[in-house]
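Colleague: Need the 3D shape of this:
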Amino acid sequence: MRFTSLLLFFRPALPLILGLSLGCSLSLLRVSWSQGDGHESCMDAGDSRGLPHDTSHLEPRLENGEFSDNKEYEPRIVPYYKDPNKPHKKVLRTRYIHTELGIRDRLFVGVLTSKSTLNTLAVSVNRTVGHHFNRLIYFTGFRNTKIPHGMQIVSHGDDRPVWLMYRTIQYMYEHFGNEFDWFYLVQDNTYTEAERIKSLVSHLSIKDLYLGRAEEFIGGDLDSRYCHGGYGYVLSRSILIKLQQYLDSCRNDILSVRPDEWLGRCIIDYIGISCVEKHKDVRYHSFQLGKNTDPDKEDSAEFKKAFTVHLVPDPTLMYRLHRRFSEIELEKTYREIEELQVEIKNLSKLTPEGEAGASWPIGINPPFKPKTRFEVINWEYFTEEQIYSCIEGTPKCELRGINKADISDIIETAVQQLNEKYQPLLRFRKRQLLNGYRRFDPTRGMEYTLDLLLEAHTQKGYSRTIAKRVSLLRPLSNVEIIPMPYVTEATRVQVILPLTVHEEGYVGNFLDTYSMNALDMHDNMLLTFLFIYDPFDAQRVSQNDVFAGVKSAIAEIEKRYSDVKIPWISVKTDVPSQVKIMDIISKKHPVDTLFFIASVWTEINGEFLNRCRMNTINNWQVFFPIHFQEYNPAVIYREQQTPSSAEFLKDGHFDRRVFSESCFFNSDYMAARTKMAADILDNDEMLESMEVYDVFIKYSNLHVFRPVEPGLVQKYTHRTCNPRLSEEVYHRCVLSNLEGLASRSQLALAMFEQEQANST
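Modeller: Predicted coordinates:
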C-alpha cells in the first residue's frame with residue numbers, strides 16, 4: 001500500500017527521471033566508443049580528404065611520408081618587420097567600399113547617334129530616359145561644336161557604322177568593363193521603356209548572354225541569329241571580355257554594312273553564342289511602329305508590354321510614346337494598389353481586431369500615437385480666406401501662396417471624390433467651407449478634415465443643402481536618395497569681412513573669436529578685411545584714417561601668430577552694395593575659391609565652417625544660412641539680473657531678414673554675374689538694389705540652400721541702416737532691428753509693466 005502511494009506521488013516526475021537516466025546512459029556509451037589507442041594517427045598522409053597536401057609549414061614530415069607523432073599544432077606569432085632598405089609603400093584605399101570589394105553596378109547604357117540627330121533625337125532620348133539610368137553615354141562619329149547640355153558624349157572621329165560599333169565596344173570594355181555586369185546598346189531612333197529594361201537585367205544571372213530581337217542573317221545559317229540594333233540588345237560582361245581579343249580580327253575579316261549584323265557575326269564566329277529573345281522565364285519584348293500608328297490609340301498587348309519601340313522618326317513622337325507608356329505604367333500601378341487594398345481588407349477580417357484593425361487609407365501607415373503630451377501633433381485651423389497658424393506668430397493671417405493652392409486643391413479633390421462615390425444617384429456642388437483642419441504626420445503625410453456645406457442634386461432634379469465632414473490624406477511618397485557631388489571638409493574657406501566706419505567698434509570681439517576658434521585650432525581658413533571708405537573719409541585717410549585702430553589690431557594678431565597674414569582691401573564708395581563689393585573681391589581670388597561672406601557680428605566657429613564646406617557644392621548649390629539673433633537683454637530681463645550667457649537658442653530668434661552671411665564658390669558667382677551683365681548695362685541703381693542672394697536667385701540655376709543655422713549666434717546689436725541703399729534693403733534692415741528687440745509676448749509684458757508704472 002505504501003509502495004503504491006509512493007508510486008502515485010512520483011508518477012508525474014517519472015518521464016523526467018527516465019529521460020535523465022536514458023541520456024546519461026547514452027552519453028557514457030558514446031565516451032566508450034570514442035576512446036581508442038592514443039598512438040594511432042587520425043589521418044594518413046596519403047589520404048588527406050581534400051586538405052592541402054603541402055603541410056610542411058604546419059608539421060615536419062618523416063622519411064616514410066607519415067606525419068610526426070601526435071604533436072599538437074601551436075600557433076606562432078610572426079612579428080611585423082619593416083625592412084629599412086626597402087622604400088615604404090603607401091596603401092591607397094578606394095573612396096567607396098563597393099569598389100574595394102569588387103561589387104559592380106548592374107547596367108550600363110550606350111546610345112548610338114550621329115551628328116545630324118545628336119541635337120534632336122538624342123536629346124529626346126535623354127529627356128525621356130536619361131534620369132532613369134545611372135550611367136548613360138552617347139556614342140557618335142562626329143559631333144557639332146554646340147553640345148547639348150547635360151549629356152555625356154563620346155566622339156570616335158569616324159562616322160562609318162561598323163567602325164562606330166567597333167570603337168564603341170572597345171570603349172565600353174576599356175572604361176566600364178570592371179564596373180558593370182550588363183551593357184545595353186540602342187539607337188537614338190528607338191524609344192526605351194527604362195524601368196522595364198532595369199527590371200529585365202535585375203532578373204538575369206551572370207553568364208554569357210546576347211539578348212534582344214533575334215533576326216536571321218541574309219543568306220546565312222538558319223540556326224544563327226543576330227540582335228537587331230534598332231530594338232536594342234543586352235550584352236553580358238563575360239561576352240564583352242571574351243570579345244576583346246577578336247575585335248581586330250572581326251574588323252578585318254567580317255564584311256557587313258550593318259553594324260548590328262557585324263557584331264552578331266563576330267559573337268557567333270568567335271564565341272559561339274547566338275542572339276536569343278528568351279532566356280529562361282525572361283523574354284525581350286519589342287514593337288515595330290508603323291508609319292501611321294498613333295501611340296495614344298495603340299492598345300495591343302504587344303505594344304503594352306514592349307521594352308523598346310522602333311522606328312521613331314522625330315522627337316515629338318518620342319515624347320508622345322513616353323507619355324503613353326507612362327499612362328500604361330500608371331494604370332498598372334493603380335490596379336496593383338487596388339488589388340493589394342482588397343487583399344489587405346480581406347485579410348484584416350481574420351485578425352483579432354477584425355476590419356476595425358485595418359488602418360485608413362488601406363496600405364498607409366496608421367496615425368502617429370503620442371506617448372506624452374509633448375508629442376501631440378497640433379492641428380492647424382483654416383478657412384478659405386485665412387489660416388490660424390502663421391510663421392510670424394500672429395493669431396491669423398491671410399491665406400496665400402502655396403498654402404492657398406494646397407487648400408484649394410484639397411477642397412476640389414474632396415468634392416470630386418464624393419461625386420465619384422455617390423454618382424449617379426447624387427451629384428454634389430460646393431457652396432462653402434465651414435471648417436478646415438490639417439496637420440502633418442511624419443509617419444504618413446498631411447492629414448485634412450473638412451466640414452463642407454454642399455448642395456446635393458438627385459437624378460429627379462431635387463436639390464438640398466447638406467453639411468458633410470470628410471477626411472483626406474496626402475500621403476508621403478517613397479524616400480528617394482538624390483545623388484549629390486562629392487564634397488569634403490578639407491576645403492579652404494576664404495572669409496571676407498566687409499567693414500564700414502559704423503561697425504569699426506565691433507571688430508575687437510570679432511578678432512578675439514576668430515583667434516580662439518580658428519587660429520588656435522589651426523582651421524584651414526583665411527581672413528581678408530574689406531575697408532569701405534565714404535568719399536569724405538577717403539580724402540583724409542593720410543591725416544586721419546578711420547580704420548587705423550582696426551589695422552593696429554590686425555598687426556597685433558599677425559605679431560602673435562607669426563605664420564598668419566591678414567590682408568585688407570580698401571574701397572571708396574558712398575553706397576556699399578554687396579554686389580559691388582563682391583565684384584572687387586572676385587577679381588582678386590582664383591575661380592575655385594570658397595567664399596564665406598561674414599559680418600562683423602559673426603562669431604566664427606569650426607562647426608559652422610564645416611557646414612559651410614559641406615553645404616556649398618561647386619556648380620550645384622550655394623549656402624545662405626539664417627543666423628540666430630539674441631534679443632535685447634534690457635527688454636527681456638528688465639529688472640532681473642542679466643545672465644552671463646543666454647540659454648542656447650532660447651532668448652532670441654532666427655533672423656530671416658538678413659542675407660549678409662553666405663557661402664559660395666567664386667566660379668559660381670562669376671557665372672551668375674556674367675548672365676546678369678546683359679541686364680544691368682552699367683545701371684548702378686540696379687546694382688545698389690540687389691544683394692548677392694538676388695544674383696543667385698535670378699541669374700543662376702543653382703540650388704539656393706537657405707536653412708536656419710544654430711552654429712551662427714549673434715549678440716544683440718542695433719544696426720545702422722544705410723538709407724542710400726535700395727528701399728527694400730533698407731526696409732529689411734529696419735524690420736530686423738525691430739524684430740530683434742524681443743518676442744511679442746515679452747514686448748507686451750514690458751508695455752503692460754510700463755503702463756502700470758505710469759498709472760501709479
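Colleague: Skip ahead from the lengthiest strand in the chain and say which helix or strand is next.
Modeller: When the chain is parsed with DSSP state E, its longest strand is strand 426-441. With elements assigned by DSSP states H and E, the helix or strand that comes after strand 426-441 is strand 445-458.
Colleague: Tell me the strands beside that next one, with direction?
Modeller: As defined by DSSP bridges, the strand partners of strand 445-458 come to strand 426-441 (antiparallel), strand 463-475 (antiparallel).
Colleague: so of the ones you listed, which one's packed in deepest?
Modeller: strand 426-441 (a mean of 16; mean count of other CB atoms under 10 Å). In this view, the C-beta of every residue, glycine as well, is placed from N, C-alpha and C.
Colleague: coming back round to it: out of the strands paired with strand 445-458, which is closest to residue 750?
Modeller: strand 426-441 (33.6 Å; CB to CB).
Colleague: got the contact list for the closest one?
Modeller: 367-368, 377-384, 407, 410-411, 415, 418-419, 422, 446-458, 465, 467 (CB atoms under 8 Å, 6 or more residues apart in numbering).
Colleague: sorry, back to before: now mean pLDDT and distance to residue 157 too, for the strands paired with strand 445-458, in a markdown table please.
Modeller: Output for the strands paired with strand 445-458, formatted as a markdown table (pLDDT from 0 to 100; distance: least, CB to CB, whole Å):
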| stretch | mean pLDDT | distance to residue 157 |
| --- | --- | --- |
| strand 426-441 | 94 | 56 |
| strand 463-475 | 94 | 52 |
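Colleague: Where does residue 74 sit: helix, strand or coil?
Modeller: Secondary structure, DSSP: H, G, I helix; E, B strand; the rest coil: residue 74 is coil.
Colleague: Please give me every residue in contact with residue 146.
Modeller: When contacts are counted by CB under 8 Å, 6+ apart, residue 146 touches residue 119.
Colleague: Give me the secondary structure label for it.
Modeller: Strictly by three-state DSSP, residue 146 counts as coil.
Colleague: per-residue confidence for it?
Modeller: On pLDDT, residue 146 comes in at 81.
Colleague: what about it, distance to residue 720?
Modeller: Using CB to CB, to the nearest Å, we find residue 146 at a distance of 50 Å from residue 720.
Colleague: And residue 744, by the same measure?
Modeller: From residue 744 to residue 720 the distance is 25 Å (CB to CB).
Colleague: hang on, isn't residue 271 packed against residue 242?
Modeller: Yes - between residue 271 and residue 242 there is a contact under CB atoms under 8 Å: 5.3 Å.
Colleague: shared neighbours of these two, anything?
Modeller: In contact with both residue 271 and residue 242: residue 208, using CB under 8 Å, 6+ apart.
Colleague: check contacts around residue 261.
Modeller: Contact analysis of residue 261 by CB under 8 Å, 6+ apart lists 217, 226.
Colleague: Please name the residues that touch residue 558.
Modeller: By CB under 8 Å, 6+ apart, the residues touching residue 558 are 564-566.
Colleague: Would you list the buried entries among the residues you listed?
Modeller: Burial by neighbour count, 16 or more other CB atoms under 10 Å: within those this picks out residue 566.
Colleague: so where's the longest helix in this structure?
Modeller: When the chain is parsed with DSSP state H, its longest helix is helix 315-348.
Colleague: in it, what counts as buried?
Modeller: Buried-residue list, helix 315-348, by 16+ other CB under 10 Å: 315, 317-322, 324-325, 328, 348.
Colleague: Nearest to residue 301, out of these: which one, please.
Modeller: Among these, residue 328 lies closest to residue 301 (CB to CB), at 11.2 Å.
Colleague: For that closest one, give its distance to residue 171.
Modeller: Using CB to CB, residue 328 is found at 34 Å from residue 171.
Colleague: burial measure for residue 13, as a count.
Modeller: Using other CB atoms under 10 Å, the number of residues around residue 13 comes to 9.
Colleague: quick one, what contacts the residue nearest to residue 160 when sequence neighbours are not counted?
Modeller: Sequence neighbours aside, residue 141 is the residue nearest to residue 160 in space, at 7.1 Å (criterion: CB to CB, 6 or more residues apart in numbering). By CB under 8 Å, 6+ apart, the residues touching residue 141 are 114-115, 155-160, 163-164.
Colleague: Which ones among the residues you listed map onto helices?
Modeller: Among the contacts of residue 141, the members falling in helices (DSSP H) are 163-164.
Colleague: would JSON lines of the contacts of residue 141 with distance to residue 693 be doable?
Modeller: What follows is the contacts of residue 141, written out as JSON lines (distance: CB to CB, whole Å):
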{"residue": "114", "distance to residue 693": "44"}
{"residue": "115", "distance to residue 693": "42"}
{"residue": "155", "distance to residue 693": "40"}
{"residue": "156", "distance to residue 693": "45"}
{"residue": "157", "distance to residue 693": "46"}
{"residue": "158", "distance to residue 693": "49"}
{"residue": "159", "distance to residue 693": "48"}
{"residue": "160", "distance to residue 693": "53"}
{"residue": "163", "distance to residue 693": "52"}
{"residue": "164", "distance to residue 693": "48"}
